[in-house]
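Peer 1: From the sequence below, what's the structure:
(one chain, ligands or ions: 1)
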Amino acid sequence: MSNTFISFKTKTYLAIAKEPVYVGTGGYRIGRVDNTIIRDSGTNLPKIPGTTISGNARYYSWLAYKSEGMNLTLGCAKGKRTEKENACGMCPVCLTYGFIKDEKSHSGLAYFSDARILFFPVATMIGTVWVTSDEIVREFIDTDGSNIGSVSKEKFLAALEIKNSLPENNSNKLFLNFGWIMLESGREIDISLWKIKSNGENSEVSDLSDFFKKVENRICIVSKEVFHHIVNSNLETRTSVSINPVTGAAEGGALFTYEALPRGTVFIMDVTYENPKNYGNDEYGDNDGLNVVIKTVEKGFELFSSLGIGGMGTRGFGKIEIKGSMIGEKEYWESVKKYVENLEKRYNDLQAQLEKVEGEEKEKIDKEIKRITHSLNLYRKYIEVQKKKLEKQINNFNEIFNIISSINITISENDMPNETEEGENA
Ligand SMILES: [Zn+2]
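Peer 2: The predicted structure is shown next:
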């Protein structure tokens with residue numbers, strides 16, 4: 001990240017379902033397919049709403065910092081007062097996701113888009129392919145000048161490798177089954193240079209070239225109408241036993257059915273991060289506060305792959321892996337260092353001012369000092385725990401290094417097998 005101030009930044013991420021993802025409209029009615037998936041009002045395709053992502057992310061960011069030694073309250077996880085505890089209003093979780101506290105409140109600095117389907121996995125006679133539509137490609141992909149155009153309803157576009165693996169029928173045409181639909185192979189496409197489309201000036205398009213390399217010979221593009229049909233006819237429908245939330249036991253005969261997006265579905269989403277410096281305080285440096293905000297969300301994202309998303313989380317549903325160019329540990333800690341040093345400087349400045357003022361002015365400064373003290377204490381504990389953790393790792397590495405360095409063997413060149421001998425053996 002450059003050192004010049006930027007007021008906001010948009011980052012694009014891919015989310016890959018490691019398990020079926022169920023994001024329901026809520027409300028259980030027993031015995032029928034009533035737990036329907038949430039759909040995008042424009043495209044009518046299933047999606048994961050931004051509010052679901054941000055709600056999960058907040059809780060996971062809180063868990064991550066908590067497990068790293070930061071002393072956060074339950075209120076910080078919710079962003080508002082719980083039975084016992086307030087949101088602190090100063091920790092990175094409150095800063096990033098917003099909070100309501102007594103007379104004070106602040107909206108969050110991270111804005112989550114919905115996660116929309118980019119590629120949808122379908123089992124075919126040549127194995128799993130990832131299907132997308134001409135419409136989705138136009139919206140999200142920079143195709144490096146190659147024009148995909150509109151795909152007709154009877155055809156699909158794919159890379160040469162897919163076309164080569166299809167058997168020819170009597171009329172020398174190539175067909176592929178997408179579930180129940182047979183489509184004829186159309187133009188050949190090359191997606192090796194595809195990139196995620198940029199969102200404009202302050203957009204950081206994550207480098208996803210590794211991901212594209214993996215799937216480039218597995219992607220098929222169909223028309224918008226056919227894509228709807230393929231997605232809707234390949235959703236997983238499952239029946240489950242309803243669990244009584246109070247007793248935790250299965251309720252007699254209470255079966256319900258729900259739909260889920262299958263494992264392997266690839267979603268695309270973006271998060272716009274606002275620089276906390278926009279709200280005036282100099283403790284945030286130029287972009288150090290912004291880096292802390294971004295990293296806070298990305299710490300939460302890391303837990304999506306083990307803790308999951310959506311309504312069926314407790315049944316092991318909805319684990320997703322989020323991919324993107326995440327902020328590195330080194331850059332993050334450089335920003336934390338500057339941020340904490342700025343806070344400390346501000347603390348000292350305010351202490352000096354405190355001696356010169358009285359009355360209302362003094363009360364105001366006192367309050368601000370309390371706020372900063374709370375934040376400094378949170379970071380002090382966090383930094384200490386992280387330091388200890390690293391020390392342990394370094395010691396461990398040192399021991400391993402010493403063992404490896406102390407291994408003493410010499411290799412005599414005469415003992416090495418040479419080509420002639422190998423040749424004779426073969
Ligand atoms: Zn907090």
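
Peer 1: can I assume residue 112 is in contact with residue 48?
Peer 2: No. With contact defined as Cβ atoms under 8 Å, residue 112 does not count as touching residue 48 (9.7 Å). Where you see a C-beta, it was placed from the backbone N, CA and C, and this is true even at glycine.

Peer 1: Could I get the contacting residues of whichever residue of the stretch 101-250 of the chain sits closest to the ion?
Peer 2: Of all residues in the stretch 101-250 of the chain, residue 101 sits closest to the ion, at 8.7 Å by Cβ to the ion. Shown in contact with residue 101 (Cβ atoms under 8 Å, 6 or more residues apart in numbering): 75, 80-81, 86-89.

Peer 1: Spatially nearest residue to it, not counting backbone neighbours?
Peer 2: Distance criterion Cβ to Cβ, 6 or more residues apart in numbering; nearest residue to residue 101, sequence neighbours excluded, is residue 89 at 4.7 Å.

Peer 1: What about that neighbour, how many residues nearby?
Peer 2: A count of neighbours around residue 89, defined by other Cβ atoms under 10 Å, yields 21.

Peer 1: right, and the secondary structure at it would be what?
Peer 2: Using DSSP: H, G, I helix; E, B strand; the rest coil, the structure places residue 89 in coil.

Peer 1: pLDDT at it, what is it?
Peer 2: Predicted confidence (pLDDT) for residue 89: 86.

Peer 1: Return the residues in contact with whatever residue of the stretch 151-300 of the chain ends up closest to the ion.
Peer 2: The nearest approach of the stretch 151-300 of the chain to the ion comes at residue 296, 10.9 Å away (Cβ to the ion). The neighbours of residue 296, taking Cβ under 8 Å, 6+ apart as the test, are 61, 65, 92-93, 95-96, 110.

Peer 1: what do you get if the cut-off is 7 Å, keeping everything else the same?
Peer 2: Neighbour list for residue 296: 61, 92-93, 96 [criterion: Cβ atoms under 7 Å, 6 or more residues apart in numbering].

Peer 1: which stretch of helix or strand covers residue 166?
Peer 2: Using DSSP states H and E, residue 166 falls within no helix or strand.

Peer 1: and if you look at residue 228?
Peer 2: Applying DSSP H and E, one finds residue 228 within helix 224-233.

Peer 1: Could you check that helix and say which residues are buried?
Peer 2: Neighbour counts using 16 or more other Cβ atoms under 10 Å place 224, 226-231 of helix 224-233 among the buried residues.

Peer 1: By mean pLDDT, point me to the weakest helix or strand of the protein.
Peer 2: None of the helices or strands of the chain scores lower by mean pLDDT, DSSP states H and E than helix 419-425, at a mean of 49.

Peer 1: Output the contacting helices and strands for whichever helix in the chain runs longest.
Peer 2: Of all the elements of type helix in the chain, the one with the most residues (DSSP state H) is helix 359-406. For helix 359-406, the elements it packs on are helix 329-354, judged by 3 or more Cβ pairs under 7 Å, 6 or more residues apart in numbering; DSSP states H and E.

Peer 1: mind running it again at 10 Å?
Peer 2: helix 50-67, helix 92-97, helix 329-354 (3 or more Cβ pairs under 10 Å, 6 or more residues apart in numbering; DSSP states H and E).

Peer 1: Just name the most buried of those helices.
Peer 2: helix 92-97 (a mean of 27; mean count of other Cβ atoms under 10 Å).

Peer 1: residue nearest the centroid of this protein?
Peer 2: residue 322 (3.4 Å; Cα atoms, centre = their mean).

Peer 1: Tell me the confidence at that residue?
Peer 2: Looking at residue 322, the pLDDT reads 94.

Peer 1: partners of it in the sheet?
Peer 2: residue 15 (DSSP bridges).

Peer 1: Spit out the contact partners of it.
Peer 2: Residue 322 makes contacts with 13-16, 53, 57, 115, 267, 269, 297-298, 300-305, 309, as judged by Cβ atoms under 10 Å, 6 or more residues apart in numbering.

Peer 1: Out of those residues, which end up buried?
Peer 2: 13-16, 53, 57, 115, 267, 269, 297-298, 300-301, 303-305, 309.

Peer 1: I figured residue 116 hits residue 47, correct?
Peer 2: Yes. Judged on Cβ atoms under 10 Å, residue 116 makes contact with residue 47 at a distance of 5.1 Å.

Peer 1: These two: who's more crowded?
Peer 2: Using other Cβ under 10 Å, the more surrounded residue of residue 116 and residue 47 is residue 47, with 23 against 19.

Peer 1: for the helix or strand that contains the more buried one, packing partners?
Peer 2: Assigned by DSSP H and E, residue 47 belongs to strand 47-48. The contact analysis (3+ Cβ pairs under 10 Å, 6+ apart) places strand 47-48 against strand 115-124, strand 266-274.
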